[in-house]
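**Q** I'll drop the sequence and a predicted model, then ask my questions.
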Amino acid sequence: MSAQRWARWTLGTLFAGTLLVSHAHAQAWKPDKTVEIIIGTGAGGPQDRMGRSIQRILQQKKSVVAPLTVVNKAGGGGAVALNYLNQHPGDGHYLAVNALSTLTNHITGKSAIGPDDLTPLAMMGAEYVGVTVRTESPFKTGRDLLEHLKKDPSSLSVAVGTALGNATHLSFVLAMKAGGVDIRKLRTVVFNSGADSMAALLGGHIDIAASAPSTMLAQVQAGKLRIIVIGAPARLGGELAKIPTWKELGVNSAFELWRGLAGPKGMNRAQIQFWDSALGALVKTDEWKKELADNMVENIYQNSADTAKQWKAEYDEVRAVLIDLGLAK
């Protein structure tokens, strides 16, 4: 072998070896410091419960050896949490529990951070929004409420969390619109979480609350609150089996409230693959299935690639709705 061929062979071998080592390092990525699970609402709400369940099960199953902690960054309808998340670009140690507000806040101008500014990681669960009143409320059914608001849309205060234009708000106003209510005149009050909405409802500070049923269930079971209608496409099971849907009342409306996980922009392939593997295993555990069943959440798990596709499709769909509502910027 000539000297030149020997040199080229040696350089090629070294280069190939370097690529293999780099690839091996990339494939072997795993958290080596504290992982923060960021919650964009106050403690006690559905997003907070989901984040803490993910933390607990990942620790129990030792899917993540590094410490995991939950950090609440409430405010701005989730915008504060996403701003904090993106202070750590490309770092797979930071995850945020997110919802449709990730898309709607960008469409409405409440947040400069949109889906293109994040790393989609997973779709984890979905609920349907219920309308809840105090047990002494004169509204016994969703039809009672609808007829009242058709006559005077601004006569009642309606609690939603965590921002105008998010999934909770959209579910309620779309049902009202389908039922003939002037949705621009509704008196909507925004709270930092579903738990805050529940507290305000119990205290008599607002008249009705639109929220995930899991937030209200304990107080419903205690006889203090009553869920009168739910925005699901068909009746749900378990504790919610007796609650009619809007469609049963002749209102053609159903809307999904999903929750997922996002990472900061710039996460690399190895980091995404780690979380695909860890979260894919988590959703198959009995502990996770029980957690979802206990909180009446549907398992809709999707990995990073499929989550990115859903974000894109929903962004365009929801933007059209928010334009109709006069909320898009």
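**A** Right, received. Where do you want to start?

**Q** report the longest strand in this structure, please.
**A** In the chain, ranked by residue count with DSSP state E as the criterion, the top strand is strand 118-128.

**Q** got the CA positions of it in PDB?
**A** These are the backbone C-alpha positions of strand 118-128, laid out as PDB (Å, rounded to 0.1, in the frame of the first residue of the first chain):
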ATOM      1  CA  LEU A 118     -40.800  24.300  21.400                       C
ATOM      2  CA  THR A 119     -40.000  20.700  21.000                       C
ATOM      3  CA  PRO A 120     -43.200  18.600  21.000                       C
ATOM      4  CA  LEU A 121     -42.700  15.500  23.200                       C
ATOM      5  CA  ALA A 122     -46.000  13.700  23.900                       C
ATOM      6  CA  MET A 123     -49.700  13.800  24.000                       C
ATOM      7  CA  MET A 124     -50.600  12.200  27.400                       C
ATOM      8  CA  GLY A 125     -54.300  12.400  28.100                       C
ATOM      9  CA  ALA A 126     -57.600  14.100  27.300                       C
ATOM     10  CA  GLU A 127     -60.700  15.200  29.200                       C
ATOM     11  CA  TYR A 128     -63.900  16.800  28.300                       C
END
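
**Q** could you say what helices and strands the helix or strand just after it packs with?
**A** Sequence-wise, the next helix or strand downstream of strand 118-128 (DSSP states H and E) is strand 130-134. Packed against strand 130-134 by the contact rule (3 or more Cβ pairs under 8 Å, 6 or more residues apart in numbering; DSSP states H and E) you find helix 142-151, helix 194-202, strand 208-211, helix 213-221, strand 225-230. Every C-beta, even on glycine, is put in place using the N, C-alpha and C of the backbone.

**Q** can you rerun that using 6 Å?
**A** On a contact count with 3 or more Cβ pairs under 6 Å, 6 or more residues apart in numbering; DSSP states H and E, strand 130-134 meets strand 208-211, strand 225-230.

**Q** which of those sits most buried?
**A** Highest mean neighbour count among the helices and strands packed on strand 130-134 (mean count of other Cβ atoms under 10 Å): strand 208-211, with a mean of 27.

**Q** roughly how far is the host helix or strand of Val71 from the heart of the chain?
**A** Per DSSP H and E: Val71 is located in strand 68-72. Distance of strand 68-72 from the chain centroid (Cα atoms, centre = their mean, to the nearest Å) equals 16 Å.

**Q** in the stretch 201-329 of the chain, which spans are helices?
**A** Taking DSSP state H, counting those that start in this stretch to define them, one finds helices in the stretch 201-329 of the chain at 213-221, 269-282, 286-294, 304-325.
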